[in-house]
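1. Below: sequence and its predicted model.
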Amino acid sequence: WNDRMIYALSDISTKNVIYLQEDMLIQYVDLSAVEAALFLHRKYKAHITKLGNNYEFNTSSFPEEVCGLSVRLQNPNDTYLMSHQPIAIFDREFLLSTLSERTPNASTHEIIGSQIMRDSGRTKVFTVGDSFNPNRSQIFEICHAIRKGELLLEGKKLIDALRED
């Protein structure tokens, strides 16, 4: 996972990237909200702008909105500063700086990446929206399609529905 992430991010020239776990399929995206979130991300030079929230995130209010969705600032001491769910905008160079042999997989990257963030003081992380469930966003509708290499029922149904169209 780590090597593939470094390879992919090194091949991209943009300043920011949107990262979505490879086991998810996008069903719908509110492009206006993505553009507004990217504007916020750039304006405040954020390290991560998560396009959703999570009940495990410790956040505080922030005086901005994105297309009517609340914006919150994640506590710099939070356990999951680095997280791959929900979908998020990352500063590409920052994300690259958190990858190493210490982060061989996504789960380890979340924990060690969060510690790297705290140790470096690079903790400007925003959340957008009021969906507090993991993997959920009010900007992206996604389907958790694969788990441990196996197609899940939800993913199969989505793929079958797409084939019918």
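-> Here it is on my side, so go on. It should be emphasised that the depicted structure is a prediction, and the values quoted were computed from it without experimental measurement.
2. hmm, who's touching stretch 31-51?
-> Contacting residues not belonging to stretch 31-51 are listed as 16, 18, 57, 64, 66-67, 69, 71, 74, 81-83, 86-91, 94, 117, 122-129, 137-140 [Cβ atoms under 8 Å, 6 or more residues apart in numbering]. The way it works is simple: take the backbone N, C-alpha and C, and place the C-beta from them, glycine included.
3. can you do 7 Å?
-> If you take Cβ atoms under 7 Å, 6 or more residues apart in numbering as the criterion, stretch 31-51 is touched by 16, 64, 66-67, 69, 71, 83, 86-91, 94, 122-128, 137, 139-140.
4. Count the neighbours of residue 76 for me.
-> Around residue 76 there are 14 other residues, counting by other Cβ atoms under 10 Å.
5. what do you get for residue 127?
-> Count around residue 127 with other Cβ under 10 Å applied: 27.
6. Please read off the pLDDT at it from the model.
-> At residue 127, the model reports a pLDDT of 95.
7. who touches it in this structure?
-> Taking Cβ under 7 Å, 6+ apart as the contact definition, residue 127 lies against 50, 52, 53, 57, 59, 72, 74.
8. Specify the beta-bridge partners of it.
-> Note on residue 127: beta-bridge partners residue 50, residue 72, judged by DSSP bridges.
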